[in-house]
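Trainee: What follows is a predicted structure for the sequence shown.
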Amino acid sequence: MSDTAAMRSAIRSGLAYLESVQLESGELPSFSAHSCDMIERRVSDPCVFVTAFIANVLAECPQAALIFERACSFLTREREAGGFFRYWKKGHHGQYVPLDVDDTALGAAALGKLGRQSDNRAVLLENRDPHGMFYTWIVPSRGRRHWRLIGRDWRQAFAPLRSRQLFASGRIERDDVDAGINANVLVWLGSFEGDDRVIDKLVEILRGGREPSCDRYYNDPFLILYMFSRALVGRSEEARSLILSRTSVSPEAPAIHVALAILVRSIWGAPIDEDWIERLLLAQQPAGEWPIAPLYVASRERRGYLDFAPAPEKVWRVGSEAMTTALSVSALDRALAGREG
């Protein structure tokens, strides 16, 4: 059994690393790279998503309270009228992107932990396709509540034109529907009329073993299992069985997969392999961080409904040591909590 003191020390070192790289604004770093090892053409890529994602990962870790609160200060400043978010931070030099349900769900969920409510529920529920799944992009033509966003923020008046220009580029599609993103929305909204349709679709994906291909952006099956676990725990015993049957970690698996496997099993209250904890401890770097890994890709070709082709080798991938470290710290914290009681 791994030494409890070593686990506590690793958590402290990981949090110290996160504090050292967190900007004064509360933003946490993210990087884009053109290779799976996140080395080729690596560049800083400031965005809202990474900080929102890390805030959700660390929300239940008491020792991370300062990092979490500073991240939420950043998210509060980035939140747009009506409680919505978009991928890139304000003032980013990149191409315009519309508001989206993923950043909105993650940002709202994090702020909700501090009692900072977001009035976006009605628009999100209106942003569903005929199957009851959530569209990824929030565009005004979806419904009457979407148009009210323009009334709240004059900058949204240009959103329809700018969105059409982006969709015309072919990088993304107006009617994108992505399973991992739907899982994040399900976590934020909780129970709602029609939530069974989303739950059934996620379980259907698990039955077919389609985790690697069910989302245009999240192409890592371990990350999908983590997101599905957060969304389906307490909602589907079949999902529990299917997910736990797929959390084995090969000897050559990267640290990020070990951390995600620990998190998945802890979410479902399942036993955690002590060897995984030891491997995660050994993977920690001298400065307290865990190695960078790509958590998602810029885009993938759609083959069908909730079905996307494998990402090409040369495509922009996004990740950061901060994201991997947050997941690893959370995994060790949950494993420690499970061991102590």
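Mentor: In hand now; what should we look at?

Trainee: got a pLDDT number for Y17?
Mentor: The model reports Y17 with a pLDDT of 98.

Trainee: Helix, strand, or coil at the nearest residue in space to it that is not next to it in sequence?
Mentor: Of all residues not flanking Y17 in the chain, G288 sits nearest, at 3.5 Å (C-beta to C-beta, 6 or more residues apart in numbering). For every residue, glycine as well, the C-beta is placed using N, CA and C. Secondary structure assignment for G288 (DSSP: H, G, I helix; E, B strand; the rest coil): coil.

Trainee: Just give me the neighbour total for G288.
Mentor: 22 (other C-beta atoms under 10 Å).

Trainee: can you give me the helices in the stretch 151-300 of the chain?
Mentor: 159-168, 179-189, 195-207, 221-232, 237-244, 255-267, 274-283 (DSSP state H, counting those that start in this stretch).

Trainee: Give me the distance between R8 and T136.
Mentor: 39 Å (C-beta to C-beta, to the nearest Å).

Trainee: pLDDT weak spots in the stretch 201-341 of the chain?
Mentor: 341 (pLDDT under 70).

Trainee: again, but for the stretch 1-150 of the chain
Mentor: In the stretch 1-150 of the chain (pLDDT under 70), the answer is 1-2, 93-95, 141-150.

Trainee: the helices in it, which residues?
Mentor: 4-21, 48-58, 65-78, 101-112, 121-126, 144-152.

Trainee: Tell me the span between the first and last residue of stretch 284-291.
Mentor: 8 Å (C-alpha to C-alpha, to the nearest Å).

Trainee: And for stretch 30-41?
Mentor: Terminal-residue distance, stretch 30-41 (C-alpha to C-alpha): 14 Å.

Trainee: got the contact list for that stretch?
Mentor: With C-beta atoms under 8 Å, 6 or more residues apart in numbering as the test, stretch 30-41 has contacts from 42-47, 49-50, 292-294, 298, 313-320, 322-323.

Trainee: quick one: buried residues of the top helix by length along the chain?
Mentor: The helix that spans the most residues within the chain, counting by DSSP state H, is helix 321-340. For helix 321-340, a neighbour-count test (16 or more other C-beta atoms under 10 Å) marks 321-336 as buried.

Trainee: give the contact list for the residue nearest to I224 when sequence neighbours are not counted.
Mentor: Closest residue in space to I224, ignoring its immediate chain neighbours: E211 at 4.3 Å, by C-beta to C-beta, 6+ apart. By C-beta under 8 Å, 6+ apart, E211 lies in contact with 205, 221, 224-225, 228, 246.
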